[in-house]
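*Asks:* could you work out the structure for the sequence below:
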Amino acid sequence: MGAVRRLAACALLVLAGGALAQEGPEGAPAAPELPSRTIRTPADTKPLAGAPVLTVDQEVLFTASDWGKRTQRVLEEEGGKIEAENDRLAAQLSDEEAALTRQRATLDPAEFRQQAEAFDTRATEIRRQRAQVVQDLNAWAAADRAAFYRAALPLMGEMMQERGAVAVLDRRTVFVSLDAIDLTQDLIARLNAELGDGAGKVPLKGGQP
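*Replies:* This is a model prediction of the structure:
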């Protein structure tokens, strides 16, 4: 009999940062990010009024918001379900393979080969289905994160105008800045108040998060 393939555990790929690691030209790894530095100001320092440029940490903005926390809870819950189902199916296929192997000595070679091929076909289809479940969850996570940033953009623009700025930069791309020009925490508070946790904005395939 040819090798009987077992169900491989499907790894849950949580999209950190909303996207997979990007590559450079011709598949070369992207250049490493240059370090940035934030100059701390006293805790009682008020945001600078009229600063032309403000900063925001996009990753913290999402992960520390009510929306991002809800997304992470969904990923952990759904990921746990996927893992449990994968384990159940792997055990089931392993038992079936063992039973088929025990029957080899008593079955006609042609019949055994037919049963083995049918088993391999079913195991392959199960692996494909489980991989699709993971892909669907990852696609949902990416879509949910994108929806968050679309919803956050107008509010970010409002805060930029309120503070008399002309631009908001990703804090991680700035070499040196004062934390007094950082919007992240104030923007999180406004997003939580006006957007909530974003539940239902992007339906989860097979159920509502």
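*Asks:* show me the helices in this structure, by range?
*Replies:* 58-63, 66-103, 109-162, 184-195 (DSSP state H).
*Asks:* the last one - contacts with which helices or strands?
*Replies:* Counting by 3 or more C-beta pairs under 8 Å, 6 or more residues apart in numbering; DSSP states H and E, the packing neighbours recorded for helix 184-195 are strand 53-56, helix 58-63, helix 66-103, helix 109-162. (Glycine included, C-beta is placed from N, CA and C.)
*Asks:* out of these, which comes closest to Gly198?
*Replies:* helix 66-103 (3.9 Å; C-beta to C-beta).
*Asks:* below-threshold pLDDT in the chain: ranges please.
*Replies:* For the chain, the stretches with pLDDT under 70 are 1-50, 206-209.
*Asks:* follow-up on the earlier one: most tightly packed of the helices and strands packed on helix 184-195?
*Replies:* strand 53-56 (a mean of 22; mean count of other C-beta atoms under 10 Å).
*Asks:* kindly export it (C-alpha atoms) in PDB.
*Replies:* The C-alpha trace of strand 53-56 is given here as PDB (Å, rounded to 0.1, in the frame of the first residue of the first chain):
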ATOM      1  CA  VAL A  53       2.800  67.300  12.700                       C
ATOM      2  CA  LEU A  54       1.300  64.700  15.000                       C
ATOM      3  CA  THR A  55       2.100  61.000  15.400                       C
ATOM      4  CA  VAL A  56       0.100  57.900  16.100                       C
END
